[in-house]
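> sequence below, structure please.
(one chain, ligands or ions: 2)
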Amino acid sequence: MKKHCVLVSGGAGYIGSHTAVELVEAGYDVVIADNLSNSEITAVEGVRRITGVEVPFVEVDCCDREALRTKLFDRYAFDSAIHFAAFKAVNESVQKPLEYYRNNLTSFMNILDLMRATGRPNILFSSSCTVYGEPDRQPVTEETPRKPATSPYGNTKQMCEDILRDTVNASEGMKGIALRYFNPIGAHPSALIGELPRGVPQNLVPYITQTAAGLRECLSVFGDDYPTPDGSNIRDYIDVVDLARAHVAAIRRLIEGKNRSAYEIFNIGTGNGVSVLELVHRFEQANGLKLNYRIAGRRAGDIIAIWADPTRANEELGWRAERDLDDTLRAAWAWEKHLRGIE
Ligand code: NAD
Ligand code: WQD
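Numbering: from 1, shown residues only. Ligands and ions are numbered 1, 2, ... in the order given. Down below sits the predicted model:
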């Protein structure tokens, strides 16, 4: 029987490459499309090495509708797409709003429009817990109201969710799911793929691993005077392999027609809130090293605390986060060592 094929746009990136691996290992054909604007071809090579499958790669800008049609839609027989391709740096989006609106909205609308025009029904969109802003109550469920976005990046996530909802509702046979990721961290246990931050990392775990590797002198913990038990911010850190598997479960739901409505939303998190200071200490313990860190002032725009209620994903997708946080932090460090050639 012919295997179901899934387009992974942005599949050379951090989450996309891990998802490509999990899809292949679950028995799907995969085609990766990416313009390598924030990734390297080595990630695709890593996917091929891990899976032993020569996964096809198409270098294409998803903002170029004509190129998408000729290089991808005319050539590959996929019925499902997972759209990861986007710019994702919150601060940069404040400096370069037009670039963010253009890239994140145009790329998604092109994929969506071509899926609709060519009769391909299933689409998953990478959304984010950023759509909740600073929540009034924890943990957040999918019914927790979205707050007005505080950055152009966050705004593109809200807008793309709405574009997906309206499009599938208006298009007979189309189905869409928005997965709201909490904070993805870690790397594949093979250490062949992982996160590749450009320049100074803005995110906590890459900053931690680069500090441990000696690339950065000292981690700044942004604030210890928040109204939380230890004063530092709380997040829901989810292993990237667990996150990747949530996509496999969501694709399966759409293929099997188990979705309850044309458009659905799922929180993809562990359900556990972990503070910055706890995470730093867990990293030290899991890897048997000491991290140079200091308490610094608050970072503008940070949410005090947010973690997921993942019940809907647990029950409806039959998925749950399984990886132990210590294993995740060991995998993050193994990946950094692999990148830097540290034994
Ligand atoms: P990433 O930057 O590693 O991956 C995105 C990939 O998309 C990159 O390989 C980049 O080259 C590609 N890309 C960007 N614009 C493109 C375009 N116009 N055409 C083709 N390819 C393009 O980021 P990631 O962390 O893997 O994030 C993937 C998705 O998940 C993004 O949509 C991001 O907003 C979302 N997300 C990420 C996080 C996170 O913390 N990493 C959290 C929530 C949501
Ligand atoms: C986590 C915690 C920082 C760096 C961002 C986006 C969000 C989503 C996930 C895409 C915070 C603290 C960090 C450092 C620190 N992405 N920190 N020192 O801010 O929760 O979310 O990524 O959708 O939209 O905003 O993640 O990793 O930047 O920070 O103390 O050097 O670590 O203050 O409390 P964040 P993060």
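> surely residue 31 is in a strand?
Yes: looking at residue 31 with DSSP: H, G, I helix; E, B strand; the rest coil, it is inside a strand.
> ok, it - contacts?
5, 6, 7, 8, 55, 56, 57, 58, 72, 76, 78 (CB atoms under 8 Å, 6 or more residues apart in numbering). Glycine gets a C-beta too; all of them are placed from N, C-alpha and C.
> for residue 268, same thing?
Residues in contact with residue 268 (CB under 8 Å, 6+ apart) are 179, 180, 181, 182, 238, 243, 246, 308, 310, 313.
> give the contact list for the first one.
Right, the one you point to is residue 179. Neighbours of residue 179 in contact, by CB under 8 Å, 6+ apart: 124, 125, 126, 127, 246, 247, 250, 265, 266, 268.
> tell me the mean pLDDT over the helix or strand hosting residue 284?
Per DSSP states H and E: residue 284 is located in helix 276-287. Averaged across helix 276-287, pLDDT comes to 98.
> the closest residue to residue 32 other than its chain neighbours: which element?
Nearest residue to residue 32, sequence neighbours excluded (CB to CB, 6 or more residues apart in numbering): residue 11, at 3.4 Å. Counting by DSSP H and E, no helix or strand carries residue 11.
> packing partners for the longest helix along the chain?
Across the chain, the longest stretch assigned as helix under DSSP state H is helix 152-170. Packing partners of helix 152-170 (3 or more CB pairs under 8 Å, 6 or more residues apart in numbering; DSSP states H and E): helix 90-95, helix 97-101, helix 107-117, strand 122-128, strand 175-181, strand 263-268.
> buried ones in the helix holding residue 284?
276, 277, 278, 279, 280, 282, 283, 284, 286, 287 (16 or more other CB atoms under 10 Å).
> write out the residues of the stretch 151-300 of the chain neighbouring ligand 1.
Residues of the stretch 151-300 of the chain lying near ligand 1 by CB under 6 Å from any ligand atom: 181, 183, 184.
> in the chain, which residue sits nearest ligand 1?
Ligand 1 sits closest to residue 13 of the chain, with a gap of 2.0 Å, by CB to the nearest ligand atom.
> burial measure for that residue, as a count.
Residue neighbour count, defined by other CB atoms under 10 Å, stands at 26 for residue 13.
> check residue 174 too.
By other CB under 10 Å, neighbour count at residue 174 equals 21.
> that one contacts residue 117, doesn't it?
No: counting by CB atoms under 8 Å, residue 174 does not reach residue 117; the two are 11.1 Å apart.
> residues in contact with residue 332?
185, 186, 187, 194, 205, 208, 209, 283.
> so the first one touches residue 327, yeah?
What that stands for is residue 185. No: in this structure, residue 185 is not within contact of residue 327 by CB under 8 Å, at 11.4 Å.
> who's more crowded, these two?
residue 185 (26 against 15).
> for the residue lying closest to that one once chain neighbours are set aside, give me its contacts.
Take residue 185 and drop its neighbours on the chain: the residue closest to it by CB to CB, 6+ apart is residue 205, 4.3 Å away. Taking CB under 8 Å, 6+ apart, we find residue 205 in contact with 185, 186, 195, 237, 279, 283, 329, 332.
> and the next element down the chain from the helix or strand hosting residue 205?
Using DSSP H and E, residue 205 sits within helix 204-212. Following helix 204-212 in sequence order, the next helix or strand is strand 219-222 (DSSP H and E).
> is that following strand anywhere near ligand 2?
Yes: between strand 219-222 and ligand 2, judged by CB under 6 Å from any ligand atom, the touching residues are 219, 220, 221, 222.
> need the contact partners of whichever helix or strand comes after that strand.
Counting by DSSP H and E, the next helix or strand C-terminal to strand 219-222 is strand 234-235. Residues from elsewhere that reach strand 234-235 (CB under 8 Å, 6+ apart): 182, 183, 204, 228, 273, 274, 275, 276, 304, 305, 306, 307.
> make a ChimeraX selection of the buried ones in these.
One line in ChimeraX is enough to select the buried ones among the contacts of strand 234-235; burial here means 16+ other CB under 10 Å:
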select :182,183,204,228,273,274,275,276,305,306,307
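> and stretch 325-338, is it in reach of ligand 1?
No: using CB under 6 Å from any ligand atom, stretch 325-338 never reaches ligand 1; the gap is at least 13.0 Å.
> quick one, what contacts the closest residue to residue 26 other than its chain neighbours?
Distances taken as CB to CB, 6+ apart put residue 248 closest to residue 26, at 4.8 Å, once the chain neighbours are dropped. By CB under 8 Å, 6+ apart, the contact set of residue 248 is 19, 22, 23, 26, 28.
> now the first one, what's its secondary structure?
Read it as residue 19. Under three-state DSSP, the three-state class of residue 19 is helix.
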